[in-house]
Structure formats: structure tokens, C-alpha cells
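Novice: Need a 3D model of the following:
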Amino acid sequence: MGTKRKFWCHADDHHRYLFKYARAGTGEDWAEKTAAEVAGALGVPHAEVDLAVYEGQPGTLTLAITDDEHALAHGNELLQERRPEYPLHAAYSASEHTVTFVLDALSQSFIRAPEGTASADLVTAADWFLGYLMLDALIGNTDRHHENWAVLVRIGQAERYAALAPSYDHASSLGRELADHERRARLEGRDRRRTVDAYCKKARSALYRNVEDPAPMSPLDAFSEAMRHAQLAGRRWLERLGATEHATLSSIVDRIPAQRISDPARQFAVAVMATNRRALLSLLEAQP
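Specialist: A predicted model of the protein is given here:
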């Protein structure tokens, strides 16, 4: 799916992987890898990603999340099942892609928590999806449209059964699209309109609060709105974030090889997570 160059391949371990070419100057490869590692640090189920090179071209290898027993049903398919009028093909302009409708779709009885997860406080698929939204808010992911979340449906079952798929496709995050001179200017913060904080507040997800709204919410507001529906799950995810030191998140960025990321990009990515982490934890402090 999508327009970016990619292909499926098999590795020595006999698993299927998707190789995605990283377009020059976009930072797609290091952002995707960093986001996956951050998800792992927070306990968010995620697609496994590694940096890779094919015929001299940098990119990423993502382990397939489907197998012979599971098929992927994307968010737009689930939403159209619930609401036949849902715009199946309007990925970024679907104001019907609201947090309320998404959580409603994931609350269907045949959809379970991601396979391999177990938690006394995070029980439902919707509970776990809040973790995906918190990850988006932390890294500034602006690409959670209705084909960038899904469930894994068991094939050949007499009774319909699905589980929330791991989170995937996080390359549009961490300011990876900015030029280094813009990163430096925002890190210096001499112009109040060009700061890291201003950049983070300007981010927009592909999730709406209401169908009538002209624009989607920020990733932070999307998580906050979801937390309004599932307060306990939201608190548990924020507690996980609070227990994850900023130094842990920073060290993930530090491990990206120098040939893949510039120093300003590295500093900016760390600053984005620090800024968004503070904003997220302030939601926990505001809770009764």
C-alpha cells in the first residue's frame, strides 16, 4: 500500500520482511527505527524494524505482522462496517475518523487485545490503542490515518476472531522532515514562533474530535480525547511513560549510526520527545 518504493523479501530466518527505501534527505529510516525502539521501551506492541541497505540504498526492514493464519483488516474497513457511509478512501481528510468512532470499532466483542500481551489494567483492544496514541503524541507522529492501524483477523475460523495489530508505520515523526538549518533555529529558540515547543504544538494527527470539525486534532489532543473515554487505561500508559526516564529515550536516538542521522536531527528528535513527554505527563498531574 502507499506510494513509497518498497518490496517484500525473505531473510535467512525464513521470515518475510518489507524493505522500504528511505528517500534522500527525508530521515524516514532513522525515524521509523527510533519510533519502534521507543515503542518497545514503553511496552507498546509494535512492528519490529531494523535499519538496512539494499544495493547501496538505505532503508528499513520491517518484519511482517501477518502470517498464514492471520489477515490484516485496516481501520477504514472496520469503520465502514460500523458506518456504511464512512469514506473508505479519504485517508487524511476523513473527519469521520474520530477518536470516538475508532474506540467504538475496537470495542466490538470479537476484537481482543494484541496477541502476546497480558495486563490486569489494560484488557481491551481499545485500552491498548491508547498506548498507540500516547506513542504518537510522544514522537509527534502525524500519520495515524485509518490505514495505519488495523486488526489481525484469524483466517478460517468459524467464529470471527481478531486482535489489535501491533502499531506500525511511524516514519512521519520526530521532525525528520525538517532541514538542519530549521532544526538549529528552533533549538536556539531566538524566535518564539520557531521553537521546538511551537513545532510540537503545530503537529496534526489524522484523528478528529467531531465529524463537523474542519481540521484534525494534534497527537496530544487525540490521546487526551481517548483518555476521556478510557481514563484508567490512559493513566496506566502515562504511568509507564513517567517510569521511562528521558535518558532512556535519548539513548535510543544516540544509537542511530552517524551516517543515517545528522547531529541537529539527533538533537531535535531528543528535544521533541522531551517537550512532548512533559506535555503528556502534565495530563497525569491534572487527573483527580
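
Novice: so where's the stretch 151-288 of the chain uncertain?
Specialist: For the stretch 151-288 of the chain, the stretches flagged by pLDDT under 70 are 288.

Novice: What are the boundaries of the helices in it?
Specialist: Secondary structure of the stretch 151-288 of the chain, counting by DSSP state H, counting those that start in this stretch: helices at 180-188, 196-202, 219-229, 231-243, 246-254, 263-286.

Novice: Same question for the fifth one: list its buried residues.
Specialist: This points to helix 246-254. With burial defined by 16 or more other C-beta atoms under 10 Å, the residues of helix 246-254 counted as buried are 249-250, 252-253. Heads up, the C-betas are built off the backbone N, CA and C, glycines and all.

Novice: Residues contacting it, please?
Specialist: 34, 37-38, 41, 138, 261, 266, 269-270, 273-274, 277 (C-beta atoms under 8 Å, 6 or more residues apart in numbering).

Novice: go again using 7 Å as the cut-off
Specialist: 34, 37-38, 41, 266, 269-270, 273-274, 277 (C-beta atoms under 7 Å, 6 or more residues apart in numbering).

Novice: what's the closest of the buried residues of helix 246-254 to A47?
Specialist: Among the buried residues of helix 246-254, I252 lies closest to A47 (C-beta to C-beta), at 16.0 Å.

Novice: Mind putting the helices of the stretch 151-288 of the chain into TSV with distance to F110?
Specialist: Below are those laid out as TSV (distance: least, C-beta to C-beta, whole Å):
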stretch	distance to F110
helix 180-188	45
helix 196-202	37
helix 219-229	20
helix 231-243	20
helix 246-254	35
helix 263-286	31
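
Novice: Could you chop the chain up by domain?
Specialist: When the chain is parsed with automatic domain parsing, its domains come out as 6-63, 70-286.

Novice: what about the shortest one, how long is it end to end?
Specialist: Taking C-alpha to C-alpha, to the nearest Å, the first and last residues of domain 6-63 lie 13 Å apart.

Novice: model confidence over that domain, on average?
Specialist: For domain 6-63, mean pLDDT is 94.

Novice: how distant is it from the center of its chain?
Specialist: 14 Å (C-alpha atoms, centre = their mean, to the nearest Å).

Novice: next one: the last one
Specialist: Between the centre of domain 70-286 and the centre of its host chain there is 4 Å, according to C-alpha atoms, centre = their mean.

Novice: Look at that domain and report the distance between its end residues.
Specialist: End-to-end for domain 70-286, by C-alpha to C-alpha: 41 Å.

Novice: Identify, from the contacts of helix 246-254, the entry nearest to Q80.
Specialist: Distances from Q80 to the contacts of helix 246-254, taken by C-beta to C-beta, are shortest for V38, at 31.3 Å.
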